[in-house]
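Participant: Quick one: sequence and predicted model below, then my questions.
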Amino acid sequence: MLSVEDIQAHYGASQALFGARLAVKPGEVVTLMGRNGMGKTTSVHCIMGIVATSAGRILWEDQVITNLSSYRIAQAGIGLVPEGRQVFPNLSVIENLVAAARSGADHVQGWDVERVFQMFPALAARRKGLGNLLSGGEQQMLAIGRALMTNPRLLILDEATEGLAPLVRREIWSCLLRLKEDGMSILVIDKNVDDLARIADRHFIIEKGRTVWAGDSAELLASDEVKRRYLGI
């Protein structure tokens, strides 16, 4: 479905990616992990066309999307929940959701406001509240709901549970598990290895801009060396 093949990227004269790779198959949950500053968000931004890819290529359903405009990548069916949530602060919950709304493929009934509220009842109770008045957990739920309103076939979550209370993190993981059960393909960037291992099919680890390890959950949990060396666990 998505194939990232040895991509490189720069910020000015500084190189950030030196050969990042990953792949997501239909219906899979895949993670991209690594310590802070190793290139996870840059990899996501290359996928979404936010940062230019200087070498390598990105394929979406066998079509090259390397360096396409972000709006075209979104229209192709990739939805992003960005790091830091980035909800529209002066729009209400409903307005945030409607602002991103897009019909699904062939206009099949997909995600709408009421379906998002069913997924996140806490948002339904705050439907008229402004984005900047929501808690961190509510903002993350809203960011996920906003991405779902684009009716994506692949959902990317950058730092899915960063800074959230344990109870809210559990709700986010439960949401992702339900999306997986519905057949949604998901790419998750996060640091909670045990939680990720329970829901993800495969994992990629990035170190200094290169993908250095790939495997399934059983392999990851069984390798204390991998966790210690690349994740600091």
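Facilitator: Structure's in. What do you need? Residues are numbered from 1 along each chain as shown.

Participant: And for the closest residue to residue 63 other than its chain neighbours, the neighbour number?
Facilitator: Leaving out its chain neighbours, the residue that sits closest to residue 63 by Cβ to Cβ, 6 or more residues apart in numbering is residue 76, at 7.9 Å. Every residue, glycine included, has its C-beta placed from N, CA and C. Neighbour count for residue 76, taken as other Cβ atoms under 10 Å: 15.

Participant: can you check residue 160 too?
Facilitator: Neighbours of residue 160 under the rule other Cβ under 10 Å: 26.

Participant: Give the partner strands of the helix or strand containing residue 31 in its sheet and their orientations.
Facilitator: Using DSSP states H and E, residue 31 sits within strand 29-33. With DSSP bridges as the test, strand 29-33 is paired with strand 185-189 (parallel), strand 202-207 (parallel).

Participant: right, so those: which one is the most enclosed?
Facilitator: strand 185-189 (a mean of 24; mean count of other Cβ atoms under 10 Å).

Participant: Extract the CA atoms of it and return them as PDB.
Facilitator: Output in PDB follows, covering the C-alpha atoms of strand 185-189 (Å, rounded to 0.1, in the frame of the first residue of the first chain):
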ATOM      1  CA  SER A 185      -4.300   0.800   7.600                       C
ATOM      2  CA  ILE A 186      -2.300   2.800  10.200                       C
ATOM      3  CA  LEU A 187       1.200   4.000  10.600                       C
ATOM      4  CA  VAL A 188       2.000   5.100  14.200                       C
ATOM      5  CA  ILE A 189       5.000   7.000  15.700                       C
END
